[in-house]
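Enquirer: Just to be clear, the model below is a prediction. Sequence and coordinates:
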Amino acid sequence: MPLSFTDRILFGGDYNPEQWPREVWEQDMALMRRAGVNLATVGVFSWAILEPRPGAYEFGWLDEVLDGLHGNGIGVALATPTASTPPWMNHRWPQTLPQNPDGTVRTYGSRNAYCPSSPVYREFADRISEALAARYAHHPALRLWHIGNEFGTVCYCDRCAARFRTWLQDRYGDLDGLNEAWGTAFWSQRYGDWDEVIPPRQVQYVINPTQDLDYQRFASDLLLSGFVSERDIVRAHNPAVPVTTNFMGFFKGTDSWRWAREEDFVSLDTYPDPNDPDAARDGAMAQDLTRSLGEGGAWLLMEQSPAGAGWRPVATPKRPGLNRLWSMQAVARGADGVLHFQWRASRQGAERTHGAMVPHAGPDSRVFREICELGGELARLGDVVGTRVSAHVAILHDWDAWRAVELDHQPHSGFRYLDRVREYYTPLWRANITADFARPQADLGRYKLVLAPSLYQVTDAAAANLARYVERGGHLVMGAFSGVSDPDERIRLGGYPAPFRDLLGLRIEEYWPLTGEPLAVQCAELGDFSAATWAEWLTAEGATPVATFTAGPLAGIPAVLRNTYGAGTAWYVATLPEAAALARILAAACSRAGVEPVLAGLPPRVEAIRRGDKIFLLNHDDESVEIRAVGREPTA
Amino acid sequence: MPLSFTDRILFGGDYNPEQWPREVWEQDMALMRRAGVNLATVGVFSWAILEPRPGAYEFGWLDEVLDGLHGNGIGVALATPTASTPPWMNHRWPQTLPQNPDGTVRTYGSRNAYCPSSPVYREFADRISEALAARYAHHPALRLWHIGNEFGTVCYCDRCAARFRTWLQDRYGDLDGLNEAWGTAFWSQRYGDWDEVIPPRQVQYVINPTQDLDYQRFASDLLLSGFVSERDIVRAHNPAVPVTTNFMGFFKGTDSWRWAREEDFVSLDTYPDPNDPDAARDGAMAQDLTRSLGEGGAWLLMEQSPAGAGWRPVATPKRPGLNRLWSMQAVARGADGVLHFQWRASRQGAERTHGAMVPHAGPDSRVFREICELGGELARLGDVVGTRVSAHVAILHDWDAWRAVELDHQPHSGFRYLDRVREYYTPLWRANITADFARPQADLGRYKLVLAPSLYQVTDAAAANLARYVERGGHLVMGAFSGVSDPDERIRLGGYPAPFRDLLGLRIEEYWPLTGEPLAVQCAELGDFSAATWAEWLTAEGATPVATFTAGPLAGIPAVLRNTYGAGTAWYVATLPEAAALARILAAACSRAGVEPVLAGLPPRVEAIRRGDKIFLLNHDDESVEIRAVGREPTA
Amino acid sequence: MPLSFTDRILFGGDYNPEQWPREVWEQDMALMRRAGVNLATVGVFSWAILEPRPGAYEFGWLDEVLDGLHGNGIGVALATPTASTPPWMNHRWPQTLPQNPDGTVRTYGSRNAYCPSSPVYREFADRISEALAARYAHHPALRLWHIGNEFGTVCYCDRCAARFRTWLQDRYGDLDGLNEAWGTAFWSQRYGDWDEVIPPRQVQYVINPTQDLDYQRFASDLLLSGFVSERDIVRAHNPAVPVTTNFMGFFKGTDSWRWAREEDFVSLDTYPDPNDPDAARDGAMAQDLTRSLGEGGAWLLMEQSPAGAGWRPVATPKRPGLNRLWSMQAVARGADGVLHFQWRASRQGAERTHGAMVPHAGPDSRVFREICELGGELARLGDVVGTRVSAHVAILHDWDAWRAVELDHQPHSGFRYLDRVREYYTPLWRANITADFARPQADLGRYKLVLAPSLYQVTDAAAANLARYVERGGHLVMGAFSGVSDPDERIRLGGYPAPFRDLLGLRIEEYWPLTGEPLAVQCAELGDFSAATWAEWLTAEGATPVATFTAGPLAGIPAVLRNTYGAGTAWYVATLPEAAALARILAAACSRAGVEPVLAGLPPRVEAIRRGDKIFLLNHDDESVEIRAVGREPTA
């Protein structure tokens, strides 16, 4: 991927002028200029207006919009409108509707009413993409293509079943391969004919876990094939225009590592909850993921709300200054653009209560005034474009590990993958230690420290990769319940975590989920602590116990261990320590690995990120802080 | 409507003798006489027995019942039995079954198993209504017609879809009108053909809000058309017999303002929970609504339970005396009759645990003894018949405002319409200030004070009506989140609440739903208080701030305001104050408006209502109270 | 039934070698020998492997398995594999899939994907049972037949509807009988034709309770007919091999009294939660039920987990020693065998996280070591085989009473049958008083004391049986809300509990479910207490009040009564006393009845059971206890 996709900081939002009469368009242009908008996302939900009848396109209004924007110096992110089908399609071809696991159908009247494997849908989607590209690929306003919107629809119909079988044939070759991989010898599930294989629909009891897992993989790949189809169409008309689609951060439904490599650059929709005290952390985490998906290159904040997010149960607006603060956080963490959903608040429809750059109250409002100030500030920050955020820590993130650890009938139904990632991310974020996210099989050599908060399922190659990383002098901290299954969700035998036993110097006999009161853990080196939810019945086989359970059936069993492996060090945290304790463990690991914060000694709620030669200092506290003497320069 | 529909207080209940052998009927007559019963509701669920095969009527047993009742001096409320279809209909014509939004069907074995737009259902329903009317319209026992029962079934089938389209064509004229009203330019929902328009069924994400809202309106109107059809049939045979159907108080599913005008008088089914400390308030509120629906004329308490309500999760019976107390409350608030569900407790079927006038234990029971005492008392209260309850306060209540404020994706999903109505009703009820309910577009000139607890959606005409009311000297208290949308659920722009900005002297930029701890509000005039759940980012534009938020992003923003408008005064309560604070605000508004209680100085749990020249004093406390010196006479 | 089905204590578990390659089989044999395994349950989920295509059986591998086990001295419990259908069946004959009440279908990919009334399913199930029996009925390894697995599937399809009608015709004769029994005169449910009668599917409101109840009975009988069909097939080939199926203890779906009489001996799957402080009580209760189902003969613990149960939300393993403790509890309470699910932990499939005798860690594990120790111990306990557990207390347990009291619209939706049974069982268990379970119509003469914790529905015969039992000198304690309805769920009139009024010497007018704070009860004889959830408005008519409510509307009403009836004594507990109070009441009843513990004076968490001439002492405490002087010998 290129280092960036723009030569200035992009600023703007989704622009849906088709909801408004012409006179509003003129006001829009003037207000956009006032706000410093230089990019408008157009056409995301315009299919039914662009193609009011099958095959009959009406581009006149869109010509007008693009010309108008261009005339006002505003670029366009043009969307293929394929996320939301026109009613005529679903009505005339009901088989385009997506089906639930129980066989009932989701119909239209909302959005995303399509079966991703429907040939009718795909044909109409490709045709309108072609028509748009043919008309606008060289339009002077066009800056980038925005394919669809927030891909995520899953269908369980018979056509999807057939596509699933093809996907499985690619993966497993023949039925024996499938039966072996899915473990169908259990519960009399052996398939004798490909036609018998179906999606994980409604069943009497718990579904086959590999069937479930593979359908999640397939569903992501199926949507991706739709993205690729539209991408190829628009790219063919003008390869110079970069193509993206808007990710939703840590969204389980699509494996963004696989998606990102099909994009020209990565973009993010992010809606941290202003009522959540950890919102800034969540924002940073999604941003770091997005940057990492783009291999460290710049990325685009495609959607955020300038005020409240209407879909939230309690849609409290951002307080004054908060949209600026979070926008700057995105730029600091690598964004080359800050866009919003949406430009002008809708009067009607399902998102009429969603915040917008021009709220219902109009431009005479604190929201619009803040937007104008933000536009001005971003315009003055243009020299960050083309610069990179550097990180010496990598946090492993893997969609298969996520999907697999959350399958049914795991030892603890409350063990959620993202909780683990957040627990490990948080102390680093608080300490202003910047982290990338990485795939377990990635080249990790450039990182001083690697965290694997949750790696329940792991490939042989990834396991070997981590061992090699440590052997060559790397530092690794691995979280509980890792290294358990292979990609077919087949448990690795002989003592957990089979592929990491040597690396970690230990052997686990049993996972020991906990209910009730936290357990006491003794830890001379880093201070005693308590741990809840999870423990493991393990024996050190070479590793040094760092912390040990002190009571109950687990008394005397190590809870945290550290192992020297080759030239490196591997920690294993076999429980879920209280937050302060995990922070101490990670601080110790950082210290041993030589990882240092961007800046030390900052007030508690001040976030520091270095991008290129700039250090961004973001105060997340309600009160002002004065930062007199910035500490020593970071060593890297 | 006439002032009353009876010349004495009616007393009795639902009588379902078809569940019992003949020997029980004779006991029933004797016991009814003992209890002073003068009205029995007959035939509500008798369809399958009256018409055991399609078109084959068996009226013999009903002749016997009506003759028997008449012979014992007991009148009859005769029901069209159309709420509950016979199995043969649903079995032979499965298309009569109602369909859920997900396409699955509700079948028989319960009650109300019909699609309201099914022509088969309607034809059989009209035919049996015709047959009943032909046979009994001039029966000497007949006092009134009771059409169906607790209308409320909603269906989403294709036939209903077709009816919905007709309803929409009536409302919007053409498809452009529909597209405009529903805001289909958003999310690619533009309809190109009427056939594409369907009910709000199961969808992927949130449904179009106006589609949802219109279906609620349509569903109410569709049921009403069934009521009207049967009403016209029975009325044609003897216009002198009044016609009603039993409302369920604040039931969202049917717009009772529209229904009431089709009835000869209004009746109520009411089941306050004896375990709820606010039950008496809820009862009063439903009764005041019922009286108001009948334009202040008398109404009939059609159903209450003498003991417990079997459908309640914990069906605690009414304690001794409570049925008398609540019956008197109904009479005080305008009822000219007190009926129960049901006369004799069922031995079988889904309501076998529901309380009854003759319980399972038989007449030798405290319940039946209390029934007999009540019958006697009511007989001595006959001179209230024909007298009115007077009120100087109106509380605005509107089904569209209710439906609209509870659509999906409002700023606060916990903002419930009825909570607002209850919050405003309660302090008045506690202070023994009688209130009517009124439509926002009603002539309000006779009221000293109007409360609008929740008027999220409002028509232009209603907005003008309220302004006119205040301008001419009226007093208005408007609750938060009012005046936001028009009848198409189109947000009114330029600063909320657009149609009331002048009237209220303020402008709101943003709604600010709250989570967490209540906020502190400073109020020199009425005492400081706290407020939760809801705030608004507003500016006084002429209004006087009465209370102001003191901390957080809303610090300094008014929470309560008062504006002089023409000759009147308009208050705006931009938050949800704690109960005591709202009571003080409303007391201040009453005081300024010259509204006084029925009686002042009563003990806290004593309710006072004036009907005609009588004052009813109801002690809701467990302990007796002595009321020595009744305060001064009320001024009105 | 015979006194036992084995001449030694059986030990082993479910063995699913088809999940593993041949080399693992050899290890299995060696490990089984090491562990002392002498019984393996084989073939439970093997259908798709035994019959990979319709009618094409592959028994070769099973020959090998049985021969191998036999060669190692291990017996076999051979299952008909009919609990889990092969995909080919459901795929080719979709009508074999079970249907939900809403009409949607449960498909395959899990287990139990069959409609129990499907002729296709039944035919294939019978055929493979026949083929297995023909081949293995005389195999020297065969010890017993295990029919299906944990029967419990319920379907609501049209074919089941037809079977239901046949079942109803058997029960009620004609439609008049059905209409009478179901009380269809209510809510217009009268059936005019048998074809109209359907299962209790999805409906608008609450379903007819007798329809619901009868469908529960029918569903149990329908499954039972499948069991009987397969039993007859396998029995025909070798009547000497006993036949069982694995019960799930207090499982509402199947009436185990009716099932047990069709079995040669009874077996139990039991999974008390190691995190539940009452788990040992629950285990004992299920074991006592199982013994009682087998008329006091020995029974088989067919499944328990040696570690955790993977289906549990938090699947904490059994701590060291716990599997031994609970295994001994089973033997003490009559088991002649202790089996586990399963032998070797699955690597794949839905139960891959379920505990096993050989865990994922392999034989080098504390779990397998404990299994080996247990096997050794059980081998040394062989002389208990053929001995009985004696009990002087019977607790009445009845599936109809259970089903009926939990129908919709009972007075308190939180009133759960099993809570009542547990409340009465617990104090006895804590006091080491052994109890049987018995049907209300059983001959109770040999018991000193009978408890009827919850007998809402009761037949006339059972009511008479209880009266006779007391009249002849028996002691009875009856719990609240008993004696209410007849088998058609028809309320018995004239004052509750109609069939027990004489026996108990009282009359109840109203049931009085409670919310909120517990009520105070005065009890001079046994100490004051509080009671919650439930009370009854009753009058003593001969009985002596033992405890009385002191406040609220129930003040002065007896809460506990005792009545002398004939030569015996009947207590009635008209409320739900706090646990300690119920313990005192039951202790008093035991004392009057002359019931004594197995051993008195034991430490609190030590359980004592006498089986034959042995007394088992089980310490459920985490700490060791020393029992020096065992008290006096029990008198019986």
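Expert: Perfect, I can see it now. Numbers count the residues shown, from 1 in each chain, chains lettered A, B, ... in the order given.
Enquirer: how about the strands in the stretch 351-500 of chain A?
Expert: For the stretch 351-500 of chain A, strands defined by DSSP state E, counting those that start in this stretch occupy the ranges A:393-396, A:435-438, A:449-452, A:475-479.
Enquirer: Other residues contacting the first one?
Expert: Residues from elsewhere that reach strand A:393-396 (Cβ atoms under 8 Å, 6 or more residues apart in numbering or on different chains): A:421, A:424-425, A:428, A:433-440, A:442, A:444, A:447-453, A:455, A:590, A:595. For the C-beta atoms, the positions are set from N, CA and C on the backbone; glycine is no exception.
Enquirer: again, 6 Å this time
Expert: Residues from elsewhere that reach strand A:393-396 (Cβ atoms under 6 Å, 6 or more residues apart in numbering or on different chains): A:433, A:435-438, A:440, A:444, A:447, A:449-452, A:595.
Enquirer: what residues go with each domain of chain A?
Expert: A:10-82+A:126-155+A:239-384, A:393-593 (automatic domain parsing).
Enquirer: how about those in CSV, adding mean pLDDT?
Expert: What follows is those, written out as CSV (pLDDT from 0 to 100):
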stretch, mean pLDDT
domain A:10-82+A:126-155+A:239-384, 98
domain A:393-593, 98
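Enquirer: closest one to A:Ala113 among these?
Expert: Closest to A:Ala113 of those is domain A:10-82+A:126-155+A:239-384 (Cβ to Cβ; 8.4 Å).
Enquirer: Tell me which of the strands of the stretch 351-500 of chain A sits most buried.
Expert: Highest mean neighbour count among these (mean count of other Cβ atoms under 10 Å in any protein chain shown): strand A:449-452, with a mean of 28.
Enquirer: Give me the helices and strands touching that one, please.
Expert: strand A:393-396, strand A:475-479 (3 or more Cβ pairs under 6 Å, 6 or more residues apart in numbering or on different chains; DSSP states H and E).
Enquirer: Same list (those strands) but as JSON lines, adding distance to C:Glu150.
Expert: Shown next, in JSON lines, are the helices and strands packed on strand A:449-452 (distance: least, Cβ to Cβ, whole Å):
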{"stretch": "strand A:393-396", "distance to C:Glu150": "40"}
{"stretch": "strand A:475-479", "distance to C:Glu150": "36"}
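Enquirer: which stretch among those strands comes nearest A:Asn90?
Expert: For the helices and strands packed on strand A:449-452, the distance to A:Asn90 is smallest for strand A:393-396, at 41.1 Å, taking Cβ to Cβ.
Enquirer: So in that sheet, which strands flank the closest one, and in what orientation?
Expert: strand A:435-438 (parallel), strand A:449-452 (parallel) (DSSP bridges).
Enquirer: chain center to the last one: distance?
Expert: Remark: strand A:449-452 is offset 19 Å from the chain centroid, using Cα atoms, centre = their mean, to the nearest Å.
Enquirer: now the first one
Expert: The chain centroid and the centroid of strand A:435-438 are separated by 12 Å, computed with Cα atoms, centre = their mean.
Enquirer: Repeat that for stretch A:77-89.
Expert: 23 Å.
Enquirer: Can you tell me which residues in the stretch 251-400 of chain A are near chain B?
Expert: Counting by Cβ under 6 Å from any Cβ of the partner chain, the stretch 251-400 of chain A comes close to chain B at A:275, A:310-311, A:313-317, A:319, A:346-350, A:352-353, A:360-362, A:365.
Enquirer: what about burial for the residues you listed, which qualify?
Expert: Among those, those classed as buried by 16 or more other Cβ atoms under 10 Å in any protein chain shown are A:310-311, A:314-317, A:319, A:346-350, A:352-353, A:360-362, A:365.
Enquirer: ok, back up a step: got JSON lines for the strands paired with strand A:393-396, with distance to A:Ile198 too?
Expert: As requested, the strands paired with strand A:393-396 are exported to JSON lines (distance: least, Cβ to Cβ, whole Å):
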{"stretch": "strand A:435-438", "distance to A:Ile198": "34"}
{"stretch": "strand A:449-452", "distance to A:Ile198": "35"}
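Enquirer: Quick one: closest of these to B:Val206.
Expert: When these are compared by Cβ to Cβ, strand A:435-438 sits nearest B:Val206, at 30.9 Å.
Enquirer: And the contacts of the closest one?
Expert: Defining contact as Cβ under 6 Å, 6+ apart, one finds that strand A:435-438 is touched by A:289, A:292, A:391, A:393-397, A:428.
Enquirer: ok so, going back, nearest to chain B, of the contacts of strand A:393-396?
Expert: Closest approach to chain B among the contacts of strand A:393-396 (Cβ to the nearest Cβ): A:Phe437, at 27.8 Å.
Enquirer: Can you pull up the residues of the stretch 451-600 of chain A that come close to chain C?
Expert: Contact residues, the stretch 451-600 of chain A versus chain C (Cβ under 6 Å from any Cβ): A:490-491, A:493-495, A:509-510, A:513, A:515, A:553.
Enquirer: now do the stretch 151-300 of chain A
Expert: A:183, A:185-188, A:190-192, A:196, A:200-208, A:211.
Enquirer: 7 Å - rerun?
Expert: A:183, A:185-193, A:195-196, A:198, A:200-211 (Cβ under 7 Å from any Cβ of the partner chain).
Enquirer: just checking, what packs against whichever strand or helix holds A:Ala570?
Expert: According to DSSP states H and E, A:Ala570 maps onto strand A:568-573. If you count contacts as 3 or more Cβ pairs under 7 Å, 6 or more residues apart in numbering or on different chains; DSSP states H and E, strand A:568-573 packs onto helix A:460-471, strand A:475-479, helix A:501-504, strand A:558-565, helix A:579-593.
Enquirer: Direction included, what does it pair against?
Expert: Here, using DSSP bridges, strand A:568-573 pairs with strand A:475-479 (parallel), strand A:558-565 (antiparallel).
Enquirer: Follow the chain on from that strand and name the next helix or strand.
Expert: strand A:576-577.
Enquirer: Thanks again, I'm all set now.
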